[in-house]
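Novice: model this:
(2 chains)
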Amino acid sequence: AQSVTQPDIHITVSEGASLELRCNYSYGATPYLFWYVQSPGQGLQLLLKYFSGDTLVQGIKGFEAEFKRSQSSFNLRKPSVHWSDAAEYFCAVAPTSGTYKYIFGTGTRLKVLA
Amino acid sequence: DTEVTQTPKHLVMGMTNKKSLKCEQHMGHRAMYWYKQKAKKPPELMFVYSYEKLSINESVPSRFSPECPNSSLLNLHLHALQPEDSALYLCASSRTSGGFVTDTQYFGPGTRLTVL
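Specialist: Next up is the predicted model:
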C-alpha cells in the first residue's frame, strides 16, 4: 500500500541550530514529492517540491530537501532555524499520473527554543 | 500569484442550520479540492473537481454538498451537520495535465467550522 511516514511527531530545536525533518515513502514508482508548512489555524504553504532532475531541491524560507531514491526518502533541512519556523510540517507524495490524490504524512510539529 | 481565498474564516452553526463555504482562485487552475482537517492531523481529501465536474467524492456524507459554478469558484454547502464535523476546511487548486492532476496543489487559509 502507498504510504508516507514522518517518524518524528515532535521535534524541538534551539534557534540558530540546524534542522532535519524526515520523510519516507512507500510507492511503486518515484512519485512527486512535496513539503508543506502549516502555522496554527492556517492553510498549508508549499515549501518545495521535487518532480525530477536535481535531487537537491531549494525552497522558500531557506529550506532545502534531498531526494534519495535508494532510501525512498525526501528529508527537509534548514541550516539555521528561526523562531518563526515553529509550525507543523507535512510531507506529501502524489502519483505522476492517473489520480488527483496526495498522500500526506502525519506531520511533524516543530518547536523552536529561544 | 498563487493565492486561494476562502470565506468565511470562521463559522459557527447549529445542527439544523444551512450554511456555505466559499473558495476562489484566479490562477487559471481547472482542478479544485475540498479537504477536512482535524486538529493535529493531516488534511483528508473530501472532493475533487476537474473542469467544473466532480471527479472524486471520498465517500463524504450527503450533508456536505459541493458545487463548482465556474472555473474560479468552489462552494461547499453544509446542512444538518454533526458536532464531529467541526474542523478546519481547506480548499486547494492545481493545474491539470491531460485530464489528470499531477501538479502542485495550492491551499487556501481555511474555514474554521464549529458545529454546536
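Novice: so where's chain B shaky on pLDDT?
Specialist: Along chain B, the model assigns pLDDT under 70 to residues B:1-2, B:97-102.
Novice: which single residue in it comes nearest to chain A?
Specialist: B:Pro42 (3.6 Å; C-beta to the nearest C-beta). From N, CA and C alone the C-beta is placed, and that goes for glycine too.
Novice: what pairs with the closest residue to B:Lys38 other than its chain neighbours across the strands?
Specialist: Closest residue to B:Lys38 apart from its sequence neighbours, by C-beta to C-beta, 6 or more residues apart in numbering or on different chains: B:Ala87 at 5.1 Å. Here B:Ala87 sits in beta bridges with B:Leu113, going by DSSP bridges.
Novice: could you pull up the residues touching B:Ala87?
Specialist: B:Lys36, B:Gln37, B:Lys38, B:Ala39, B:Leu113 (C-beta atoms under 8 Å, 6 or more residues apart in numbering or on different chains).
Novice: one more time with 10 Å
Specialist: B:35-39, B:41, B:43-44, B:110-115 (C-beta atoms under 10 Å, 6 or more residues apart in numbering or on different chains).
Novice: among those residues, which one has the most neighbours?
Specialist: Neighbour counts for those peak at B:Pro43, which has 28 neighbours (criterion: other C-beta atoms under 10 Å in any protein chain shown).
Novice: quick check: residues of chain A near chain B?
Specialist: A:4, A:6, A:9, A:31-32, A:34, A:36, A:38-46, A:49, A:51, A:88, A:90-92, A:94-107, A:109 (C-beta under 10 Å from any C-beta of the partner chain).
Novice: can you rerun that using 8 Å?
Specialist: Residues of chain A lying close to chain B (C-beta under 8 Å from any C-beta of the partner chain) are A:32, A:34, A:36, A:41-46, A:49, A:88, A:90, A:94-102, A:104-107, A:109.
Novice: what bridges to the residue in chain A positioned nearest to chain B?
Specialist: Among the residues of chain A, A:Phe104 lies closest to chain B, at 3.6 Å counting by C-beta to the nearest C-beta. For A:Phe104, the beta-bridge partners under DSSP bridges are A:Ala92.
Novice: quick one on the thing from earlier: for the residue of chain B closest to chain A, which non-adjacent residue is closest in space?
Specialist: Once flanking residues are discounted, B:Pro42 sits nearest to A:Phe104: 3.6 Å by C-beta to C-beta, 6+ apart.
Novice: was I right about the one you found contacting A:Val4?
Specialist: Yes - the criterion here is C-beta atoms under 8 Å, and A:Phe104 meets it with A:Val4 at 6.4 Å.
Novice: quick check: bridge partners of the one residue sitting closest to the centre of chain B?
Specialist: Centroid-nearest residue in chain B, with C-alpha atoms, centre = their mean: B:Trp34, separated by 2.6 Å. On the basis of DSSP bridges, B:Trp34 is bridged to B:Phe47, B:Cys91.
Novice: A:Ser26 bridge partners, please.
Specialist: A:Ser3.
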